[in-house]
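Participant: how would this look folded up:
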Amino acid sequence: MTECSVWWSKPIIESENTLALLDPTERTRYDSYRRVEDRRRFLTGRVLAKTVAAEHLGVSPAEIHFDATCTGCGKQHGPVRVPDAELELSISHSGERVGVAATSGAAVGLDVEAIGRNIEDSLIAYALNDTELATLPEEEDARAEDFFTYWTRKEAVMKATGRGLRIPLRSLTLAKATEPARLLASDDPALSPESTRMADLDPGSGYRAAVAVITTDEIDVTERWWTPPSPGHGQ
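Facilitator: So this is what the prediction gives:
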């Protein structure tokens, strides 16, 4: 059994203590965001991920330093990892939700999406293959809900590989949105149904989320809400 912990939070407000947890590269990226909402989501993701990593490794969050090297371009905007640690992490955020998934070594991908927006047919056709399109209901609201279920599952699976959208969305065939999350087939050699485990999550009303783990074992997923430290108090 592979254990996977998922932590949820709403975006936190900046404080001296939370900003101090960002290393220089992270602080530069934080400062580059023009919108306050984007800065807070980024800050929350890094602080929460460092808090989760610190708990797993038995150290303080201030001792956690991430390597986020992108395998495609070498810049520091890829999935975060703690060098030389048996720990895999995945960060995702949307709207008022920030999530971090963690396992003890099995590659993991997390995705959360706010569902309160219209979905254009072009996006549906981009994300879903013919087999999946045939399962969508005609009614607009139900169609949008099923689409976001598919979308978060696919995003989670692709993030677990570390390749993200370099894997074509339509190359993956998933179980119906109304069925338990499962990869049925993949045209990409990075993924196979035999070594992919998935689960839908509960990030709260107005959101859809899923997690994927690259393993042949069954997965045991736990979800918790994080209580951030009060401003002015150390972590």
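
Participant: Now for residue 139, how many residues are close by?
Facilitator: Residues near residue 139, counting by other CB atoms under 10 Å, number 10. All C-beta spots, glycine's among them, are computed from the backbone N, C-alpha and C.

Participant: mind checking the backbone torsions on it?
Facilitator: Backbone torsions for residue 139, taken as degrees, to the nearest 10, come to phi -60, psi 130.

Participant: How much space separates it from residue 179?
Facilitator: Separation of residue 139 from residue 179 (CB to CB, to the nearest Å): 18 Å.

Participant: again with residue 24
Facilitator: In terms of CB to CB, residue 24 sits 46 Å off from residue 179.

Participant: so where's the protein uncertain?
Facilitator: Counting by pLDDT under 70, the chain shows low-confidence ranges at 71-72, 164, 230-235.

Participant: quick one: contacts for the spatially most central residue of the chain?
Facilitator: In the chain, the centroid-proximal residue (CA atoms, centre = their mean) is residue 110; its distance is 2.5 Å. Counting by CB atoms under 8 Å, 6 or more residues apart in numbering, residue 110 makes contact with 6, 90-92, 99-101, 156, 159, 209-211.

Participant: swap the cut-off to 7 Å and go again
Facilitator: Residue 110 makes contact with 6, 90, 92, 99, 101, 156, 159, 211, according to CB atoms under 7 Å, 6 or more residues apart in numbering.

Participant: what helix or strand is it on?
Facilitator: Per DSSP states H and E, residue 110 falls inside strand 108-114.

Participant: ok, that strand: who's next to it in the sheet?
Facilitator: Strand pairing for strand 108-114, using DSSP bridges, gives strand 207-214 (antiparallel).

Participant: can you pull out the strands in the chain?
Facilitator: 2-9, 88-94, 97-103, 108-114, 172-174, 183-186, 196-200, 207-214, 219-225 (DSSP state E).

Participant: Residue 173 is in contact with residue 188, isn't it?
Facilitator: No. Look at residue 173 against residue 188 with CB atoms under 7 Å: they stay out of range, at 11.2 Å.

Participant: neighbour count winner among those two?
Facilitator: residue 173 (18 against 15).

Participant: Distance-wise, check that one relative to residue 196.
Facilitator: Taken as CB to CB, the span from residue 173 to residue 196 is 12 Å.

Participant: And for residue 134?
Facilitator: Relative to residue 196, and taking CB to CB, residue 134 is found at 22 Å.

Participant: Show me which of these two is the more surrounded one.
Facilitator: More crowded of residue 134 and residue 196, by other CB under 10 Å: residue 196, with 24 against 9.
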